[in-house]
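Participant: Build me a model:
(one chain, ligands or ions: 1)
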Amino acid sequence: MTDILKSGAEPPKVKLVTEVWGPIKSLMAARRNILEIIPMAATKQPMVSGRTGSVRWHMVMDPKAIGRILKENLDNYPKSDVTKNILKPAIGDSMFVAEGAHWRWQRRAASPVFTHRNIANLAPIMTAAADVTCDRLKAGGVIDMYEEMVKTTFDVISNVTFSGSGTMDSDAVHHAIDRYIDQTARISLFDIIGVPTWVPRPSRMFQPNALKQMKRIADQSIENRKKHGAKPVPDLLDLLLEGEDPETKRQMNMAELRDNLLTFIVAGHETTALTLSWALYLCAFDPEVQDKLRKEAGSVLQGRVATAQDCDALPYTEQVIKEALRMYPPAAFVSRTAQAADELCGRQIRRKDTVMLPIYALHRHHDLWENPDQFDPERFADGHRPERYSYLPFGDGPRICIGAQFATIEAKIILATLISRFKFERLKGRDPRPVMVLTLRPEGGVPLKVTQI
Ligand code: HEM
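Facilitator: A predicted model of the protein is given here:
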């Protein structure tokens, strides 16, 4: 019992750069943790620019300029070459990476998949996953909640995409994705700081198998579903199979279906798991918040597992999730490549410049947030919305995350259920360190002492 910690002043944060670094030092830091190349100035200034090797880059934290990048001048700022290099081998030219007309028709065809009604219909799968998680946690003791949440959200995403296909080996898919992310994410570090593309990326040598396996599993599931027809409650695969762009009447072919479903898995599974694990860590960090959350969950659920119908009655749960997404945004770094000259914050942007939105720094910017490094769910009390473009856990503008509502409902159902049944406590010397791989991960996991109530 002695190694359980009471709350401290601030939860762990990334140590940001305060001096000018040369390319080698930047490279070393970026290999360790990409967030460590964010200068401290990015939390105090509207924009920080620099050059690493041949790449001119800008980090933009000014909400107006961000609005220009994500909305007003969207076509000038497609996803960066880096993002595409990383993701294309896995998810093809799917909605996440496509641009222009090819992106637009896919987004229109897929939008109906994520209506509130369809998500509510799929929510029993989230409720069931929360229940199964409770069974796993019953034994109590020290449990890595990051590992647990990855299992739980994978359960959800695999059941709303390839469920019932008979060919689904969730462990195989999970490991394939994990290996892929782990290997490919390292490429980005080279690219972002401007190592030329001809330098061999060691990890590329290991990818093909994991990728092939992921694609094979997806293809088999789609074939099976086409043969056997839709499920009684249509899941994401059924809905996407039905999807049609209302303007061009175009429907997805086999490869497009597969790439978009894999996108949902890659984009939706680990991000939601991270949201939940950081939220649980923060609840352990601040037992008062945890008690308040438990009170809310307890009075709404009365011992039941949470459902989609409970979500409106769980405002404090939502506040805690929003604050976890502010402090530890899973997509902590978004980058674009300028197509033509432009001006941001009075500064010249040239064609081919890398324009980055360091969401981690934006969410801790001193002009935008009071006591930015402190955990305080009250920031979001009474439906308070931060200034537009200052809070971007799901991005913004036309390319805002298509799964934001899906993820929020899932996180609420799982967090409320777990907190109503278990107590979570921090352990001495085992606070997670935020590290950016492709997402913002807790190094060392999130080991917490779990006790059934
Ligand atoms: C807490 C969980 C999640 C977080 C933090 C998150 C974050 C993001 C962010 C920041 C973007 C914009 C990236 C950019 O502008 O460069 C994005 C886009 C996207 N996300 Fe999510 N996401 C989450 C869950 C999901 C889920 C559950 C799904 C699907 C089931 C999903 C599917 C997508 C797709 C398809 C896009 C690309 C949209 C487009 O470009 O039109 N995400 N997400």
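Participant: ok, for residue 308, nearest residue in space, not its chain neighbours?
Facilitator: residue 123 (3.5 Å; Cβ to Cβ, 6 or more residues apart in numbering). Where you see a C-beta, it was placed from the backbone N, CA and C, and this is true even at glycine.
Participant: ok, and that neighbour, which helix or strand is that part of?
Facilitator: Residue 123 belongs to helix 116-137 when elements are defined using DSSP states H and E.
Participant: The residue nearest to residue 308 touches residue 310, doesn't it?
Facilitator: No: between residue 123 and residue 310 there is no contact under Cβ atoms under 8 Å: 9.8 Å.
Participant: interface residues of the chain facing the ligand?
Facilitator: 79, 95-96, 107, 263-264, 267-268, 271-272, 275, 330-331, 334, 393-395, 399, 401-403, 406-407 (Cβ under 6 Å from any ligand atom).
Participant: Can you give me the pLDDT of the closest residue to the ligand within the chain?
Facilitator: Closest contact between the chain and the ligand, by Cβ to the nearest ligand atom, is at residue 403 (2.2 Å). Residue 403 carries a pLDDT value of 96.
Participant: For the closest residue to it other than its chain neighbours, identify the helix or strand it belongs to.
Facilitator: Ranked by Cβ to Cβ, 6+ apart and with sequence neighbours excluded, the top spatial neighbour of residue 403 is residue 268, at 4.9 Å. Following DSSP H and E, one finds residue 268 within helix 254-285.
Participant: Now do the helix or strand that that helix is followed by: which elements does it pack against?
Facilitator: Using DSSP H and E, the helix or strand that follows helix 254-285 towards the C-terminus is helix 287-301. Under the contact criterion of 3 or more Cβ pairs under 8 Å, 6 or more residues apart in numbering; DSSP states H and E, helix 287-301 touches helix 254-285, helix 315-327, helix 404-421, strand 422-427.
Participant: mind running it again at 7 Å?
Facilitator: Judged by 3 or more Cβ pairs under 7 Å, 6 or more residues apart in numbering; DSSP states H and E, the packing partners of helix 287-301 are helix 254-285, helix 315-327, helix 404-421.
Participant: contacts for the helix or strand following the second one?
Facilitator: What that stands for is helix 315-327. Using DSSP H and E, the next helix or strand after helix 315-327 towards the C-terminus is strand 334-337. With Cβ atoms under 7 Å, 6 or more residues apart in numbering as the contact definition, strand 334-337 has outside contacts at 69, 77-83, 352, 354-357, 359, 395.
Participant: Quick check, pLDDT for the residue nearest the centre of the chain.
Facilitator: For the chain, the residue whose C-alpha lies nearest the mean C-alpha position (Cα atoms, centre = their mean) is residue 271; its distance is 3.0 Å. Reported pLDDT at residue 271 in the predicted model: 90.
Participant: where are the low-confidence patches of the stretch 301-450 of the chain?
Facilitator: 437-438 (pLDDT under 70).
Participant: how about a cut-off of 90?
Facilitator: Residue ranges of the stretch 301-450 of the chain with pLDDT under 90: 331-335, 354, 356, 428-429, 433-441, 443-444.
Participant: Cheers, nothing more for now.
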